[in-house]
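Engineer: Sequence plus the predicted model coming up.
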2 protein chains.
Amino acid sequence: MRVLVTGAAGMIGRKLVERLAKDGEIAGQVISALDLHDIIAPSKPDAQFPCDAFAGDLSDPVQIAKLIGRSPDVVFHLAGIVSGEAESDFDLGYRVNFDGTRALFDAIRLTGTCPRVVFSSSIGVFGGPFPEVIPDEFHTIPLSSYGTQKLVGEALLTDYTRRGFMDGVGIRLPTICVRPGKANKAASSFFSGIIREPLDGKEALLPVPRSVVHTHASPRSAVNFLIHAAGLSGETIGPRRCLTMPGVAVTVGEQIEALERIAGKEVAALVREEPDEAVWALVKNWPTRFEAKRARALGFEAETSFDDIVRIHIEDELGGRI
Amino acid sequence: MRVLVTGAAGMIGRKLVERLAKDGEIAGQVISALDLHDIIAPSKPDAQFPCDAFAGDLSDPVQIAKLIGRSPDVVFHLAGIVSGEAESDFDLGYRVNFDGTRALFDAIRLTGTCPRVVFSSSIGVFGGPFPEVIPDEFHTIPLSSYGTQKLVGEALLTDYTRRGFMDGVGIRLPTICVRPGKANKAASSFFSGIIREPLDGKEALLPVPRSVVHTHASPRSAVNFLIHAAGLSGETIGPRRCLTMPGVAVTVGEQIEALERIAGKEVAALVREEPDEAVWALVKNWPTRFEAKRARALGFEAETSFDDIVRIHIEDELGGRI
């Protein structure tokens, strides 16, 4: 089968592409070709199958026609403007996340081939106030333009699937932790920073109280979710095509305790509390725990402890050494 | 203040326009001018203020620019392709309900005047399976393209309001009963037909079991909802701008009993049961009862019994005589 990955140069995209190259198949179906797309040229993996990489703006109809014209059997649609940028640049966010997704879905609709489309949505579709544990049937009223754009993508995917234009699955990713690489300007950056930086011998600032609860999944789990979603039967999923993914709900204090158990007291001591009212004001309105019953019943699996999340970072990013 | 009504030639639109002409104000603010728009020229009411009527396709940017260029303070956005047609004509539904609404909202955004926008949404944003009573926080996963398009309108309205581009309120209308005029091809048509036709001395077919529960509000209530929404303070509503309206939840049997109480046994006997599997297959997946707590707390009021709904039809459509 032919596979297309949009957003293939992003953090999750790169890991997904590596995994596809390694596995050579999805749910027992051999991959015959892989097309990669991003705004910058994605790097091609070392794979058994032919692989093409394209660079360009996904909101450009010419780009979309080129990619969908190759008749992919599976489309991983990961491309998008991230939450902070979609909030600061209204036009860019709507152009890429809203118009781009719609144009991609419409191009798929017009081919008539009904491919499996795996859409990376986000827990950003939810907006507070929240119950203590968010059930699968909780309403989705985003408090960001990013969340709004993801919600529209979900709605289109569900309707286009119902009408037989595609066979879509939307997966709402929790916060991905530990993000490799450098800290970014996202308000959620510290959730990864307080693990990643100390393991690299560097100080990390903690801008919020240790009592803050948040749900995490590793980058490895994010890739597992995507691959699992690609292989699920549509009948098993049913008409509600967008699923809140499972994750590990822990306090920030428990994150740091896990770090200490695995890497020792000295490493954990590199986390320095420096309250930041602006970050705290955002974070305190974020969702904490999800039930994620449907996703678990459909076989989506995340880590069961934050210790696992720390260990996966050490294995996948630090060559197993601390 | 200047008021714009889109979909002003529709059933609810006409009644709203009549009411605005009669009241001459909204929440104590005097109406200085009224602009009406629909695909066919809406009729102008007999009013104390100047009134202009426009005909054209609302998905045409020229139409939108003309209407929004007049800087309305209140916009009632009622225009749209109805559910049955949005399902049978995919392109038309998306062009008008999705692109048209977005283009209207974007034109408003670009004026920078932040008007109150009252958007007529629908309980079609909900899709089954449902709990026995649908709470305000139940997720919105439509099972129709119409519901999907309304949901996207809601999402945009909420985000554009949060960002200060408009001051929106979305109201999810229940089934409007008793619809005046002729029966139409909507699967819900019989809910009105079994009251309207017998009161007119004609036989009405009942395609579903008498045990079917459904929520109704009168056309008069629908207009009340719209006017009340136009006058509510945005702060009181809060960031969740779309509200499920209250209504009267009754069985079809209770509808017919109300008709009998008000118009007598002979009139009620004009309802003839003729099961229609196709209608029943649709109706059994429809929502039954709504909690509508938030809307009630915000002062939205519907009828309290189906008897009231029958009486209102007699008053408003039959000149009080049966």
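Structural biologist: Happy to help now that I have it.
Engineer: what helix or strand is the residue in the stretch 201-322 of chain A that chain B sits nearest to on?
Structural biologist: Closest contact between the stretch 201-322 of chain A and chain B, by C-beta to the nearest C-beta, is at residue A:240 (5.2 Å). Any C-beta I mention is one placed from the backbone N, CA and C, and that applies to glycine too. Per DSSP states H and E, residue A:240 falls between elements, in no helix or strand.
Engineer: ok, the closest residue to it other than its chain neighbours - contacts?
Structural biologist: Nearest non-adjacent residue to residue A:240, counting by C-beta to C-beta, 6 or more residues apart in numbering or on different chains: residue B:141, 5.2 Å away. Going by C-beta atoms under 8 Å, 6 or more residues apart in numbering or on different chains, residue B:141 touches A:158, A:239, A:240, A:242, B:126, B:127.
Engineer: list the contacts for the fifth one?
Structural biologist: The one in question is residue B:126. B:134, B:138, B:140, B:141, B:142, B:147, B:287.
Engineer: Quick one: name the residues of the stretch 1-150 of chain A near chain B.
Structural biologist: For the stretch 1-150 of chain A, the residues in contact with chain B (C-beta under 8 Å from any C-beta of the partner chain) are A:90, A:127, A:136, A:137, A:138, A:139, A:140, A:141, A:142, A:143, A:145, A:148.
Engineer: one step back: count of neighbours near the residue of the stretch 201-322 of chain A closest to chain B?
Structural biologist: 17 (other C-beta atoms under 10 Å in any protein chain shown).
Engineer: Ok, the one 5 residues further on next?
Structural biologist: When neighbours are counted by other C-beta under 10 Å, residue A:245 registers 28.
Engineer: for the one 4 residues further on, same thing?
Structural biologist: For residue A:249, the number of neighbouring residues by other C-beta under 10 Å comes to 18.
Engineer: Can you tell me, leaving aside adjacent residues, what's nearest to the residue of the stretch 1-150 of chain A found nearest chain B?
Structural biologist: Relative to chain B, the nearest point of the stretch 1-150 of chain A is residue A:148 (4.1 Å; C-beta to the nearest C-beta). Nearest-residue entry for residue A:148: residue B:159, 4.1 Å, with adjacent residues in sequence omitted and distances by C-beta to C-beta, 6+ apart.
Engineer: Give me the packing partners of the helix or strand containing that neighbour, helices and strands only.
Structural biologist: Using DSSP H and E, residue B:159 sits in helix B:145-162. With contacts taken as 3 or more C-beta pairs under 8 Å, 6 or more residues apart in numbering or on different chains; DSSP states H and E, helix B:145-162 sits against helix A:145-162, helix B:83-88, helix B:90-93, helix B:101-111, strand B:116-122, strand B:167-173, strand B:242-244.
Engineer: ok, now with 6 Å
Structural biologist: Helices and strands touching helix B:145-162, by 3 or more C-beta pairs under 6 Å, 6 or more residues apart in numbering or on different chains; DSSP states H and E, are helix A:145-162, helix B:83-88, helix B:101-111, strand B:116-122, strand B:167-173.
Engineer: so how far is the shortest one from its chain's centroid?
Structural biologist: Shown here is helix B:83-88, whose average C-alpha point lies 16 Å from the average C-alpha point of the whole chain (C-alpha atoms, centre = their mean, to the nearest Å).
Engineer: tell me what that helix is packed against?
Structural biologist: Under the contact criterion of 3+ C-beta pairs under 6 Å, 6+ apart, helix B:83-88 touches helix B:145-162.
Engineer: what does the helix it packs on rub up against?
Structural biologist: A:145, A:148, A:151-152, A:155, A:159, B:83, B:86-87, B:93, B:97-98, B:101, B:105, B:109, B:119, B:121-122, B:124-125, B:140, B:142, B:166, B:168, B:170, B:241-242 (C-beta atoms under 6 Å, 6 or more residues apart in numbering or on different chains).
Engineer: one step back: how many neighbouring residues does the residue of the stretch 1-150 of chain A closest to chain B have?
Structural biologist: Neighbours around residue A:148, by other C-beta under 10 Å: 31.
Engineer: Relative to residue A:272, how far out is it?
Structural biologist: 35 Å (C-beta to C-beta, to the nearest Å).
Engineer: show me what contacts the residue nearest to residue A:170 when sequence neighbours are not counted?
Structural biologist: Once flanking residues are discounted, residue A:170 sits nearest to residue A:242: 3.5 Å by C-beta to C-beta, 6+ apart. Residues in contact with residue A:242, defined by C-beta under 6 Å, 6+ apart, are A:121, A:154, A:170.
Engineer: what number of residues lie near the second one?
Structural biologist: Counted with other C-beta under 10 Å, the neighbours of residue A:154 add up to 25.
Engineer: What of the last one?
Structural biologist: The burial metric for residue A:170, expressed as a neighbour count using other C-beta under 10 Å, is 27.
Engineer: Hmm, it is touching residue A:119, no?
Structural biologist: Yes: between residue A:170 and residue A:119 there is a contact under C-beta atoms under 6 Å: 4.5 Å.
Engineer: Of all residues in the stretch 151-300 of chain A, which one is closest to chain B?
Structural biologist: For the stretch 151-300 of chain A, C-beta to the nearest C-beta, closest residue to chain B: residue A:159, 4.0 Å.
Engineer: what distance separates the helix holding residue B:159 from the centre of its chain?
Structural biologist: With C-alpha atoms, centre = their mean, you get 15 Å for helix B:145-162.
Engineer: before we move on, what about stretch A:27-44?
Structural biologist: Distance, centroid of stretch A:27-44 to centroid of chain: 17 Å (C-alpha atoms, centre = their mean).
Engineer: got the residue ranges for the strands in the stretch 201-322 of chain A?
Structural biologist: For the stretch 201-322 of chain A, the strands defined by DSSP state E, counting those that start in this stretch occupy A:204-206, A:213-217, A:242-244, A:248-251, A:271-273, A:289-290.
Engineer: what packs against the fourth one?
Structural biologist: Secondary structure elements in contact with strand A:248-251, counted by 3+ C-beta pairs under 6 Å, 6+ apart, are strand A:213-217.
Engineer: One more: the shortest one?
Structural biologist: In terms of contact count using 3+ C-beta pairs under 6 Å, 6+ apart, strand A:289-290 is assigned no packing partners among helices or strands.
Engineer: pLDDT on that strand, on average?
Structural biologist: The pLDDT scores in strand A:289-290 average 96.
Engineer: got a list of contacts for that strand?
Structural biologist: With C-beta under 6 Å, 6+ apart as the criterion, strand A:289-290 contacts A:133, A:134, A:215, A:244, A:249.
Engineer: My read is that residue A:222 contacts residue A:175, right?
Structural biologist: No: using C-beta under 6 Å, residue A:222 is not in contact with residue A:175, being 10.2 Å away.
Engineer: any idea how chain A splits into domains?
Structural biologist: For chain A, the structural domains run A:2-174+A:218-244, A:189-215+A:247-289+A:297-317, going by automatic domain parsing.
Engineer: Packed most tightly, which of those would that be?
Structural biologist: domain A:2-174+A:218-244 (a mean of 20; mean count of other C-beta atoms under 10 Å in any protein chain shown).
Engineer: which ones are touching residue A:48?
Structural biologist: Neighbours of residue A:48 in contact, by C-beta under 6 Å, 6+ apart: residue A:24.
Engineer: same question, residue A:188
Structural biologist: residue A:175.
Engineer: With residue A:14 as the reference, measure out to it.
Structural biologist: Residue A:188 is 20 Å from residue A:14, by C-beta to C-beta.
Engineer: Output the contacts of residue A:242 as TSV; include the columns distance to residue B:322 and pLDDT.
Structural biologist: Shown next, in TSV, are the contacts of residue A:242 (distance: C-beta to C-beta, whole Å; pLDDT from 0 to 100):
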residue	distance to residue B:322	pLDDT
A:121	53	98
A:154	48	98
A:170	52	98
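Engineer: Surely residue A:75 is within a helix?
Structural biologist: No: per DSSP: H, G, I helix; E, B strand; the rest coil, residue A:75 lies outside any helix segment and is strand.
Engineer: Relative to residue A:149, how far out is it?
Structural biologist: Going from residue A:75 to residue A:149 by C-beta to C-beta gives 18 Å.
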